[in-house]
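Asker: Generate a structure from the sequence data that follows.
(2 chains)
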Amino acid sequence: MNGRFDNYRRDYYGGALMVLLGGVTVLQSASYEIGTLTQMGPGLYPAALGVMLALTGLAIALNARFVEPEEGSDALPPEWRGWFCIVLSIIAFILAGTYGGLVPATFAIVFISALGDRENTIKGAFLLSLVIVAVSVVVFWWALDLQLPLFRW
Amino acid sequence: MIAQALQDLWHGFGVALIPHNLMWSFFGVLIGNLIGVLPGMGALSAISILLPLTYSLQPVPAILMLAGIYYGSMYGGAIGAILLNLPSHPPHAVTCLDGYPLTKQGKGGIALSITMLVSFFAASCGIIVMIFASPLLVSVAFQFGPPELFSIMLLGLLCGATMSKGSALKGVAMTIFGLIVGAVGTDINSGVSRFTFGFHELTDKVELVALALGLFGVADFLCNINRMHIVGSSANVRFRDMRPSRAEMKQSFFPMLRGTLVGLLFGAMPGTGPTITTFVAYAIEKKVSKTPERFGSGALEGVASPEASSHSKTQVDFIPTMSLGIPGDAVMALILGALLIQGIQPGPLLITEHADLFWGLIASFWIGNIILIVLNVPLIGVWVKLLQMPYRFMYPSALFFIAVGVYSTNNSLFEVGEVLVFGLIGAVFVALDFSVAPILLGYVLGPMVEENFRRALLISRGDLMIFLEQPISAVFIGLCALLMLLQTYFALRGIRRSKWGVLAAK
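Answerer: Model prediction:
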């Protein structure tokens, strides 16, 4: 792939994203009272920020054409497996923490996220999780008195 | 006044040497060093992971510990840069250039010990400047009202946005995004909940730790997973290898002085990141050298000068953070956030109201740096082992520490969800070539910016000219304008050049 094209695309989407974020901020702020400069409402400051963000985004997108290709910034394909496992592991931590307690939550976050790496085997991930569960129980539950029970059901 | 400062410093040593405080300082340096050595973990991740731990402490030990973590992790980062060519903290990218070749020549130990000595010298200079400059700055700061505070924060934000790495416009966008994130929660003037989207947990603002760990922890893992391939280092550094010869000491003496000066100068400018400082120090050293061709293939000067500059800058950075409440970079923003959580409002009053905290902190810098040296001499072998820990084991464990750390701040799993959201946002931004550090700066300063803006306009009854009519404020606004003009000029020049390039290619 052509490096220049990628840089262009990245800036273009980046600028568009900023315009979108700014727009959402302005819309959301408009639902609070805006007020005047003498009597400022809660919405004025965020609305002003939203406008500035959108304008900056516009400038980034317009500027995209002129950005010089940087060396060493080739676009890598997204790492879906890694992303999926990391995101899932954090969600699993929240769920297991709510319904299961510290031990299952610890095991879930380490085990699932470890599977995101292509070089980790299931056995390796399992052993690593056991080690971290031990650390978690000794350090956080026993020594630091974490307010999350070991198990709950 | 100097006598007064020295007396206060003496008192500060008394505070820092209380065994309880000393213990936390030691603990901070040790853990900071440990985390800093781990691949992919810099000062930011180290401080954010350990921030929850400080909530239960008294303010003085808490801040001593955080400062310890900071320079511990900075030094840990240097170890990774020199021995493994792995810059875990961007400022160390320069250290890699000459540090790693030195390791390949078998002189890694010497590079490390020079780094240690140089850091200690530079930090000491920074501390001395801090001792004498802070009271001066405070006497000026008392004349700061809302308009002045707003203008100087604007300048700080603008500097932080445009001088970090990457495109200036993108930095500005990230800063504004940070300001918006800072506006989430209950508006102090009207009590309206803003941007909470129905989550009552958000009325109490976005959690600082969750934001920082999302942006610098989870986002980092998302970007590095399956991509971090560590080149196994055969570096086997023993204590014996670390003793530099007299010639090597001499060789790095003047680079050390120059680097320290660069750091001091840049530290005085708000918002200039440490990365830029180290790059400038390296460039100067290369210019000054009689044999510039040695740089890049193992010149000791190329390690000494940037490391000195980053350490003296670190110390000087504490001045605006503590005395004005305006952090210079993302790390300082985190430390400022920690102070606020402890119920301490940084600002001109801090030095008089919390004298034990301020002078204790200064004294602890020295003590901390000595601890650092004492620790690293025997532990260097352990660090080298740690450096070789594979990323595939490191990140799942770190993810767990992040989740538990965030949970423990408020005993709430909702905030673990915040980490996930900010991690994803951060990863998208990084993928689009934005640098995420300015978000943190904006987040911490945001509420203060809004408050002072509102107050200033209350005083002037809605007249924006107040920012230009007050002389001190006008100077800062003028500097902001100058900065923007310069940036536009450079950007336009860049465009013209690249157009030329395109034309020439045709």
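Asker: Identify the residues contacting residue B:185.
Answerer: Residues in contact with residue B:185, defined by CB atoms under 8 Å, 6 or more residues apart in numbering or on different chains, are B:193, B:194, B:195, B:196, B:202, B:203, B:204, B:205, B:206. Heads up, the C-betas are built off the backbone N, CA and C, glycines and all.
Asker: remind me, longest helix of chain A?
Answerer: Looking across chain A with DSSP state H, the single longest helix is helix A:3-30.
Asker: can I see the domain layout of chain A?
Answerer: With domains defined by automatic domain parsing, chain A comprises A:3-66, A:80-143.
Asker: List the contacts of stretch B:46-57.
Answerer: With contact meaning CB under 8 Å, 6+ apart, stretch B:46-57 is reached by B:24, B:28, B:31-32, B:35-36, B:62-63, B:65-66, B:69-70, B:72-73, B:76, B:208-209, B:212-213, B:216-217, B:331, B:334-335, B:337-338, B:341-342, B:398, B:401-402, B:405-406, B:408-409.
Asker: Please compute how far the helix or strand encompassing residue B:29 lies from its chain's middle.
Answerer: In the assignment (DSSP states H and E), residue B:29 maps to helix B:19-37. Put simply, helix B:19-37 sits 17 Å off its chain's centre (CA atoms, centre = their mean, to the nearest Å).
Asker: do the same with stretch B:54-64
Answerer: With CA atoms, centre = their mean, you get 19 Å for stretch B:54-64.
Asker: before we move on, what about stretch B:168-181?
Answerer: Relative to its chain's centre, stretch B:168-181 lies at 18 Å (CA atoms, centre = their mean).
Asker: The helix or strand containing residue B:222: which residues count as buried?
Answerer: Assigned by DSSP H and E, residue B:222 belongs to helix B:219-224. If you call a residue buried by 16 or more other CB atoms under 10 Å in any protein chain shown, then helix B:219-224 has these buried ones: B:219, B:220, B:221, B:222, B:223.
Asker: Need the nearest residue in space to the most centrally placed residue in chain A, chain neighbours excluded.
Answerer: In chain A, the centroid-proximal residue (CA atoms, centre = their mean) is residue A:87; its distance is 8.8 Å. Using CB to CB, 6 or more residues apart in numbering or on different chains and skipping residues adjacent in sequence, the residue nearest residue A:87 is residue B:420, 6.6 Å away.
Asker: before we move on, what about residue B:207?
Answerer: Nearest non-adjacent residue to residue B:207, counting by CB to CB, 6+ apart: residue B:415, 4.8 Å away.
Asker: Check the gap between the one you found and residue B:179 for me.
Answerer: Relative to residue B:179, residue B:415 is positioned 21 Å away (CB to CB, to the nearest Å).
Asker: do the same with residue B:248
Answerer: 48 Å.
Asker: between these two, who's got more neighbours?
Answerer: The neighbour comparison of residue B:248 against residue B:179 (other CB atoms under 10 Å in any protein chain shown) goes to residue B:179, with 27 against 17.
Asker: just the helices in chain A please.
Answerer: Using DSSP H, helices in chain A cover A:3-30, A:44-63, A:80-99, A:102-114, A:122-135.
Asker: Dump these to a markdown table, plus mean pLDDT.
Answerer: Shown next, in a markdown table, are these (pLDDT from 0 to 100):
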| stretch | mean pLDDT |
| --- | --- |
| helix A:3-30 | 82 |
| helix A:44-63 | 90 |
| helix A:80-99 | 90 |
| helix A:102-114 | 92 |
| helix A:122-135 | 91 |
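Asker: Among these, which comes closest to residue B:445?
Answerer: The minimum distance between residue B:445 and the helices of chain A falls on helix A:44-63, with 12.4 Å, by CB to CB.
Asker: Does that closest one reach chain B?
Answerer: Yes: for helix A:44-63 and chain B, the contact criterion (CB under 8 Å from any CB of the partner chain) is met by A:45, A:46, A:49, A:50, A:52, A:53, A:56, A:57, A:59, A:60, A:63.
Asker: So which of the contacts of residue B:185 reach chain A?
Answerer: Restricting these to contacts with chain A (CB under 8 Å from any CB) yields B:194, B:195.
Asker: Quick check: which ranges of the stretch 251-400 of chain B have low pLDDT?
Answerer: Regions of the stretch 251-400 of chain B meeting the criterion pLDDT under 70 cover residues B:268-273.
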